[in-house]
Structure formats: structure tokens, C-alpha cells
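>>> With the sequence up front, the predicted model follows.
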Amino acid sequence: MDIPREHLVDMYQTMVKIRRFEERIREIYFTDKLPAFDIAAGLIPGEMHLAAGQEPVAVGMSPHLKDGDAITATHRPHHVAIAQGVDLNKMTAEIFGRDTGLGRGKGGHMHLYSVEPNFGCSGIIGEGIPVAVGAAMAFRHKSSDNVALSFFGEGAANQGAFHESLNLAALWNLPVVFVCEDNAYAISVPKTASTAIADNSDRAAAYGIPGVLVSSNDPVAVYEVMGEAIARARRGEGPSLVEIKTDRLWGHFEGDADAYRSDEFKTEMLERDPMVTYVKRLSDEGILNESDIAAIQQAMYDEVEKAIQFALDSPYPEPEAALEDVFAERTVTL
Amino acid sequence: MLVGLVANPTSSKDIRRLTTLARVIDVEEKANIVARLLVGLGSEEGIEVLGVDDQSGLFRRAITLAGSAAPPTGFLPIEVEGTEADTRHAADYLANNEAAALITVGGDGTVRAAAEGWPRAPLVPLAAGTNNAFALTDEPSVVGMATAIAVKSGADAFRPTTAVEAETVEGRALAVIDAVVVRNHWVGSGAIWDPAELVEGFVTTSRRTAVGIASVSAALGPLEQGHARHLRFGGERTVRAVFGPGLILDVPVDSHVDLPVGAELPLGNEAGMVALDGERRLPAKAGLVRVVEGPRVLDLETALRVL
């Protein structure tokens, strides 16, 4: 299978958008928080977890998605949300706590929920894994060929929710792909200090489902593997577990001193930054020239700035809105 | 006598878990395989085993499992990166320190990396990969015992093999089973699983029980030792081959010719990548492939007859 040019270019374009978004959020996040780091101050109060370096994990799935597919992600969700096509204006407004945001500014960056496309994430580790299994059950009951994808970190794979979810998905042969983003650190804890095995993909064997290890942070490798895993689920052949070794270029959260990772480790990550290696390969293959690359970058930068401006121009929610949208009003008939 | 051991913790985990019926061989299972090897090696006095202290802890786990039945063991003094380079560096160290044998535990890609580090190694390739076209699929304790007997007795139990070397604008690399040009321009997930991708290939075996491209070669008749077979894919004629675990396909083969050691052929410039032992590695542009002598591989029956 040679990969269609538009897929290769789309993946790069989305990677640029994600990286630019994370860079700009980082800049704005620190506005008014320094010199003494005040987490409640500034345009974006609260914690901030950014995914620079993990772009390939997200963009590799995008060309294989179709309308109605459901995705759950982690407390570090921006790359996955952008790659699924969540409205960037509403997502940015949510991060800025504005009334025009996905959750009317009440959720913040770790709790982004979108109905169309069907996306959700949570600050609770492993929360999205059983939720994705639930979405897959719904697809089964509706006889649709939609699939659910659950993104989670390597630390979450030690949670009971991970094992319970794989068991039920395997038992009921549900259309779900479990995607483990292994960036080697759960906050500051190295995987070697928390996990009894080297590769979480090994755990698929315990539930009788395919487990695949993607050992390089390469969008094309992820594209190929996710294409097969999603197609397999869509055909009704059941769940699979995909483990991707990736890099979190920055700290666990913005403001993290990141002293638990050595300078050598950080330097090695930068040397293999997928933004650099992937665009070089596209250029070497003659898929994009310098002018194409510049045009893509400008377009993505503009889109990000537009979303930020939308957020800045939006009002904060009124205090009395705090109790609105808490419970669903629709009556469910059994 | 020094015996080296390289076990690949990441073999048998690639995309073919989705495209064939191959399943994960987990690290614990590999540790068990290595433990059984160690027990076999420990059946003879005077064997010392040095292995890679890999990041998964596989070799350490195997030593624990084998317990007092293992021979004296130690770790190879190489810097472990957790990549394929570990296998090459280990093989290189063992070559320079005159090891009596090099045991690999993994798939065909693991054997290839070992052969790059020590091209004429006395090799004992134990299967823990996907296709295992090159590796031995016998019980590890038998393989360990046969290795110990072979190196202690000095019997001529290692048989010659043929390899192929690919050279392109981006470098040179070895393959112990096959070098195949595919249309795909990307390394990506590495593996090949679609015959429509194939342009041409060089195969070093016609073993009827082999899997993958080697199975295509086998269907075309016997190949003399010291030769590699050049295949051009496509056309109307097909051969039935076991293309992967649980995957039997009719593969179109336009023509084939057998080439002796020393022969070389240029690659077509139109194609994408050269896959070595099943893994896409080098852009094919301006490349050539030459037939060379490969590692020497343990013949179990010959070794065990010494008993």
C-alpha cells in the first residue's frame, strides 16, 4: 500500500497546527503568572498539559476516521482533539474559560467535550477507556460500523479500568481500538519504576486480542498500524491494542521543573523531533517543496491565531450559569 | 568457552498482529525461551554465557528462571540503547573476543542485525519472531544443549549460508533471507504484508517449510547452496505461498534466475524501498544487491550426533 499524497500532507498540516497551538497556549498560559508562578492567575487559570512531541500518535489515525466515530483522550488532550477535527474556536474558548467554549467555559483544558465530532477527555487517569467501550457497545446496538478509539498513557495501563475494559471489549468483540501513548513518564515516575513489563502491547495476549508495538514516533508508522486496527474493528473483527512509543518534549505540566529527566534524555528527544524528521522526509520525497511548507505553516498559524482571537473576544460565563447544563433534561424511555 | 546471547524483546510485535494471524510473543515468554536455552547450555561444563542486559530485563529474568541449571552468565560490556544497534554491537564485541557461538532469540530481523555485526558468525538463531524463515523452531533446551556440545567438541556442526547485501545511496545493509524492493516509499511500520507492493527480490533459501518471501522462492524449486534467487514479481503466473502466519496467497512471479556468490544486480530506480528480511529499510534509488557468504548456522542433528 503506497500512501496517498493527500494523507501524507494532511498529517503534516495537522502536526503543524497542533505544534503551533501548543506553543501559543504555552506562551499565553504564562502571561501574568510570572515571575512567581501563580497557577490561578492569567488568561488561562489552572493546570496545563501540552502534547508537543506526541503529534504522530494523533495524526496517524485521522485519515482513517469517518463521521460518527467516537474518541476519548487524556488530561493531555489537545493533539487528539485537533486531529479528530474538534472545532478549534470552541476548544480554545473552553481552554480560556469562555462562555462560547465546548462546555461553556466550565471544563477547562482537561475536560473538552464535543458532540460532533464525538470527543471527550478527562483529568482522571484511565477514565476514557471504559467510556470508549461504552461507545463501542452503542455502535454495536445501533448496527453501525462506527468505531471507538481510546487514547491513554502508559501509566493508565496499570489502572483496573484498563484491564476491565480490555476484558469486556474482547468478551463482546466490540469495535474499539485502545491506543497507549507511552511517553515513558507518568508525571515524574519513569515507567520502569511503575510497570512490571516493558511493553504494554504484551498485555493484549492476556485478553486474546491483537497487540501491536509501534516503537518509533513516526506518523507514517502510526498511520499504517491505526489504518489496519480501525479497519479491523469496522469490519466487526473486534478490539485491538496499539502501543506507541512517543516523546513528551516539555514537562508534565507547564511550570514543571522537569528535573526528573536528564539533559541527555531531553537532547535526544529534540534530535528526533517528529516535526523536523517528518517534514524533511516529505521534502526529500518531493511531496512538499519549500513554498508548500511555508504556505501550510502560514495557514495553520493563521487558524490558530483566529481561534485564540475568538476566545479572547468571547465573554466569560455569568456566575449564575454555574448551575446550568448540569443535568440532562431529556427523559429516557426504557 | 564463550557463548554470546542476544534476545530481542521487541520481535513479534509489529503490524502483522493485525494483518495476519501472528500474535504477540511477550517478554515473559521470551525470558522463558532463554531460560530453557540456558538450561541446555548448562548441560556441559566449561561454557560461559554473556548476554545483552536489555532494557526489558529479559536476560536477567531468564537467569533467575534457569536458576542453578544455568551455566555461569554475565552481561556484555556494551552500551545498551534499546534499539537494533544493541544486537549489532553485541555481535561485534563477540567477534572481537572470539566467542565460540552467537545465539539469537528473535525473528529474521534479529538474525540480520547480528549478521551485520558479525557477518561470518557461528550462529544459533532461535525463533521468537513472526516469519522465522531463517531461525530454528526447535525446543530451546535442545538447541542449548546442541550448542554446548558443538562448541565443546569442536565438531564441524555449523553449515554455510548465503546472504545478500544491498547498497543504495543511503548506505549498505545485509539480509540473511531476503532483500525485496517494494513500491512503498516509507519505512513506516516496517513490515511487508501485501504482495501488490512487491517489485523484485533476492532470496537466499528455497526451504519448503519457510514463511514469507522465502515461501515464494521455495515454490519455484530447489536453490543450490552458495546461490541466491532473483525474483521479478508481477505478471499472470502465480505461485501459492505461505506469505505470513495464517496467510496463504497466490503471488504473481514474472521471472526468476539463480545467482552465485559474488554476483550483483542493479535495482530499478522506479521503486520505493528495499526491505531487508521483511523490514523496509533503505530507499531503493540507485541501488544494487550482491550475493555474499552469510553466517554459519548450527545444524542440530550434526551437533547432537557427537553425544
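Noted; the coordinates are in hand. Numbers count the residues shown, from 1 in each chain, chains lettered A, B, ... in the order given.

>>> Residue numbers of the stretch 51-200 of chain A in contact with chain B?
Neighbours of chain B within the stretch 51-200 of chain A, by C-beta under 8 Å from any C-beta of the partner chain: A:Thr192, A:Ile197, A:Ala198, A:Asp199. Heads up, the C-betas are built off the backbone N, CA and C, glycines and all.

>>> Of those residues - the most surrounded one?
Per-residue neighbour counts (other C-beta atoms under 10 Å in any protein chain shown) across those peak at A:Asp199, which has 24 neighbours.

>>> Distance check, the closest residue to A:Lys106 other than its chain neighbours against A:Asp325.
Distance criterion C-beta to C-beta, 6 or more residues apart in numbering or on different chains; nearest residue to A:Lys106, sequence neighbours excluded, is A:Pro317 at 6.8 Å. Computed with C-beta to C-beta, to the nearest Å, the distance linking A:Pro317 and A:Asp325 is 10 Å.

>>> ok but B:Ala173 is inside a helix, no?
No - the secondary structure assignment for B:Ala173 gives strand rather than a helix, going by DSSP: H, G, I helix; E, B strand; the rest coil.

>>> So A:Pro317 and A:Asp325 - more neighbours on which side?
Under the neighbour definition other C-beta under 10 Å, A:Pro317 and A:Asp325 were set side by side, and A:Pro317 has more, 18 against 11.

>>> pLDDT at residue 234, what is it?
Just so you know, I chose chain A. For A:Arg234, the model assigns a pLDDT of 98.

>>> Please refer instead to chain B.
Reading off the model, B:Gly234 has pLDDT 94.

>>> Would you confirm that the residue nearest to A:Lys106 contacts A:Gly105?
Yes - shown here, A:Pro317 and A:Gly105 form a contact pair, counting by C-beta atoms under 8 Å, at 4.8 Å.

>>> Pull up the overlap in contacts between the two.
Among the neighbours of A:Pro317, those also in contact with A:Gly105 (C-beta atoms under 8 Å, 6 or more residues apart in numbering or on different chains) are A:Gly97, A:Arg98, A:Asp99.

>>> Tell me which residue of chain B is furthest from the middle?
Of all residues in chain B, the one whose C-alpha sits farthest from the chain's mean C-alpha position, using C-alpha atoms, centre = their mean, is B:Glu236 at 31.3 Å.

>>> Thought B:Val253 was touching it, still the case?
No - the pair formed by B:Glu236 and B:Val253 falls short of the contact definition of C-beta under 8 Å, at 10.0 Å.

>>> phi, psi of B:Ala66?
Note on B:Ala66: its backbone torsions stand at phi -70, psi -30 [degrees, to the nearest 10].

>>> quick one: the helices in the stretch 201-307 of chain B?
Listed in chain order, the helices found in the stretch 201-307 of chain B under DSSP state H, counting those that start in this stretch are B:213-218, B:300-305.

>>> swap in the stretch 201-334 of chain A?
Using DSSP H, counting those that start in this stretch, the helices assigned to the stretch 201-334 of chain A run over residues A:219-234, A:263-271, A:274-284, A:290-313.

>>> nearest to chain B, of those?
For the helices of the stretch 201-334 of chain A, distance to chain B was read as C-beta to the nearest C-beta. The smallest value, 4.0 Å, belongs to helix A:219-234.

>>> close to chain B, is the closest one?
Yes - shown here: helix A:219-234 in contact with chain B (C-beta under 8 Å from any C-beta) through A:Val220, A:Ala221, A:Tyr223, A:Glu224, A:Val225, A:Glu228, A:Ala229, A:Arg232.

>>> what's the neighbour count on residue 154?
Let's take chain A. For A:Glu154, which is what you asked about, the neighbour count (other C-beta under 10 Å) is 22.

>>> oops, I was thinking of chain B
A total of 10 residues lie near B:Gly154 under the criterion other C-beta under 10 Å.

>>> Just the closest residue of the stretch 51-200 of chain A to chain B, please.
Using C-beta to the nearest C-beta, A:Ala198 is the residue of the stretch 51-200 of chain A that sits closest to chain B, at 3.4 Å.

>>> Chain neighbours aside, what residue packs nearest to that residue?
Nearest residue to A:Ala198 in three dimensions, chain neighbours excluded: B:Ser56, at 3.4 Å (C-beta to C-beta, 6+ apart).

>>> returning to that earlier point: deepest-packed of the helices of the stretch 201-334 of chain A, please.
Between the helices of the stretch 201-334 of chain A, the one whose residues have the most neighbours on average, counting mean count of other C-beta atoms under 10 Å in any protein chain shown, is helix A:219-234 (a mean of 24).

>>> Just the C-alpha atoms of that one, please, in PDB.
Taking C-alpha atoms only, helix A:219-234 is exported to PDB below (Å, rounded to 0.1, in the frame of the first residue of the first chain):
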ATOM      1  CA  PRO A 219       3.300   9.400  11.800                       C
ATOM      2  CA  VAL A 220       3.600   7.000   8.800                       C
ATOM      3  CA  ALA A 221       4.100   4.000  11.100                       C
ATOM      4  CA  VAL A 222       1.200   5.100  13.200                       C
ATOM      5  CA  TYR A 223      -0.900   5.700  10.100                       C
ATOM      6  CA  GLU A 224      -0.300   2.200   8.800                       C
ATOM      7  CA  VAL A 225      -1.000   0.500  12.100                       C
ATOM      8  CA  MET A 226      -4.000   2.600  13.000                       C
ATOM      9  CA  GLY A 227      -5.400   2.000   9.500                       C
ATOM     10  CA  GLU A 228      -5.400  -1.700  10.000                       C
ATOM     11  CA  ALA A 229      -6.700  -1.600  13.600                       C
ATOM     12  CA  ILE A 230      -9.500   0.700  12.700                       C
ATOM     13  CA  ALA A 231     -10.500  -1.200   9.600                       C
ATOM     14  CA  ARG A 232     -10.400  -4.400  11.500                       C
ATOM     15  CA  ALA A 233     -12.800  -3.000  14.200                       C
ATOM     16  CA  ARG A 234     -15.000  -1.500  11.500                       C
END
